[in-house]
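Asks: structure, please.
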Amino acid sequence: MKKNLLKLMFLSACTLMLSACSNNAASTDTSAGESADTSAQVSTEAGDSTAKGYKIGVLQLVQHPALDKANEGFIAALDEAGIQYSADQQNAGGELSSAQLIAEKFVNDKEDLIFAIATPAAQSAAGVTEDIPIVITAVTDPKESGLVESNEKPGGNITGTSDLTPVKEQIDLLKELVPDAKKIGILYSTAEANSVIQVNLAKEAAKALGMEVVEYTVSNLSEIQSVVESMIGSIDALYIPTDNTVASGMSTVTMITNENKIPVIGAESAHVEKGALATYGIDYYELGKLTGKQAVAILKEGKNPADMPIEYLDKAKFKFSVNEETAKELGIDVSKIEKN
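Replies: Numbering: from 1, shown residues only. Okay, here's the model as predicted:
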């Protein structure tokens, strides 16, 4: 039943997101980013229970800094645990059809575990197997995404970590940096369930601060420029959740917003690196490491994903990030903000 539901969710998402994609087949690139190893990773431990090591399939939806860091942190956790393994790194290039093909490949290859990065990647993996353990990350709410029975007790072959960001605190940060803001925009992709969850939280937080919210949506990457240009003169600031489509087009977003003096508060440090003013958010490398520890517990200790709660990064690991160059360009004093 769960598998059929996930397939329906996956096919629905495909119709919205396929036009955003640039590749026509599953990527065989083994790289998760500049900092990740570009080959299958192998570490050894004397007395490991498998002679040739565990086979791990890594399915990353698209390449951008946050997801790359999660991938890197996951591999680091495996290496620190000293288990013997090989990692088949696959990047879907943003294509949902490619994610499906990669997931099916992992099943055919009889992987011991699948690591899925981002909600559509996780849904693709969940839709093709109920037997192979799956650990997920960069998923805001696994239950709402149809991946688990509950976040406290998943009940199937899936567990992992949530990248639910401190949305209220991010909206508070926006108000602190732009105290005169009366109307704020929120930019997100209609194809991403993660984003919808965050948008609803942001709307509640903005309303509590007396700010009006205007939603701006895109269904693919090519729409970002025109949608952002339509904001000019209509909003005082812009908030962007952890949205994979928008993250891929952040340089375009900030090129327009900074030129037109629209401050942008992002949900992750990668947004700030691409020109957003600031954020208070999670460290995706640490989130990936947390997920990697779950994978080790499944592979090495024999734990059952069904009984392993979805985990969240400790708030002590959240961090404030600011783009000093953007702040100067916008004429905004960020020195009063405490940098945790």
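Asks: for the rest of this, base every contact and every neighbour count on C-alpha atoms.
Replies: Fine.
Asks: measure how buried residue 329 is and give me the count.
Replies: By other CA atoms under 10 Å, 12 other residues sit near residue 329.
Asks: quick one: it and residue 221, what's the gap?
Replies: Using CA to CA, to the nearest Å, residue 329 is found at 26 Å from residue 221.
Asks: now swap in residue 117 and tell me
Replies: From residue 117 to residue 221 the distance is 19 Å (CA to CA).
Asks: higher neighbour count, these two?
Replies: The neighbour comparison of residue 117 against residue 221 (other CA under 10 Å) goes to residue 117, with 26 against 20.
Asks: which residues touch the residue nearest the centre of the chain?
Replies: Centroid-nearest residue in the chain: residue 138, 3.4 Å away (criterion: CA atoms, centre = their mean). Contacts for residue 138 (CA atoms under 8 Å, 6 or more residues apart in numbering) come out as 67, 70, 117, 118, 119, 161, 162, 163.
Asks: am I right that it sits in a strand?
Replies: Yes - assignment of residue 138 by DSSP: H, G, I helix; E, B strand; the rest coil places it within a strand.
Asks: ok, residue 62 - how many residues close by?
Replies: Residue 62 has 25 neighbours, counted by other CA under 10 Å.
Asks: what's near enough to touch it?
Replies: Residue 62 makes contacts with 91, 92, 93, 94, 95, 244, as judged by CA under 8 Å, 6+ apart.
Asks: one more pass at 10 Å, please.
Replies: 21, 27, 32, 68, 90-96, 99, 117-118, 121, 244-245, 248 (CA atoms under 10 Å, 6 or more residues apart in numbering).
Asks: just the element for it, please.
Replies: Assigned by DSSP states H and E, residue 62 falls within no helix or strand.
Asks: residue 130 now?
Replies: Going by DSSP H and E, residue 130 is not part of any helix or strand.
Asks: which one is it nearest to, not counting chain neighbours?
Replies: Leaving aside its chain neighbours, residue 130 sits nearest to residue 157 (5.9 Å; criterion: CA to CA, 6 or more residues apart in numbering).
Asks: what's the closest of the contacts of residue 138 to residue 195?
Replies: Nearest to residue 195 among the contacts of residue 138 is residue 119, at 10.4 Å by CA to CA.
Asks: beta partners of the residue nearest to that closest one when sequence neighbours are not counted?
Replies: Once flanking residues are discounted, residue 119 sits nearest to residue 139: 5.1 Å by CA to CA, 6+ apart. Beta-bridge pairing for residue 139 (DSSP bridges): residue 162.
Asks: so residue 139 makes contact with residue 148?
Replies: No - using CA atoms under 10 Å, residue 139 is not in contact with residue 148; the gap is 11.6 Å.
Asks: using PDB, list the CA coordinates for stretch 172-184.
Replies: Presented in PDB, the C-alpha positions along stretch 172-184 are these (Å, rounded to 0.1, in the frame of the first residue of the first chain):
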ATOM      1  CA  ASP A 172      12.800  36.500  13.400                       C
ATOM      2  CA  LEU A 173      16.200  37.100  11.800                       C
ATOM      3  CA  LEU A 174      14.600  38.700   8.800                       C
ATOM      4  CA  LYS A 175      12.600  41.100  11.000                       C
ATOM      5  CA  GLU A 176      15.700  42.000  13.000                       C
ATOM      6  CA  LEU A 177      17.700  42.800   9.900                       C
ATOM      7  CA  VAL A 178      14.900  44.500   8.100                       C
ATOM      8  CA  PRO A 179      12.800  46.000  10.900                       C
ATOM      9  CA  ASP A 180      10.600  48.100   8.600                       C
ATOM     10  CA  ALA A 181       9.600  45.100   6.500                       C
ATOM     11  CA  LYS A 182       5.800  45.000   6.200                       C
ATOM     12  CA  LYS A 183       5.400  42.700   3.200                       C
ATOM     13  CA  ILE A 184       7.700  39.700   2.600                       C
END
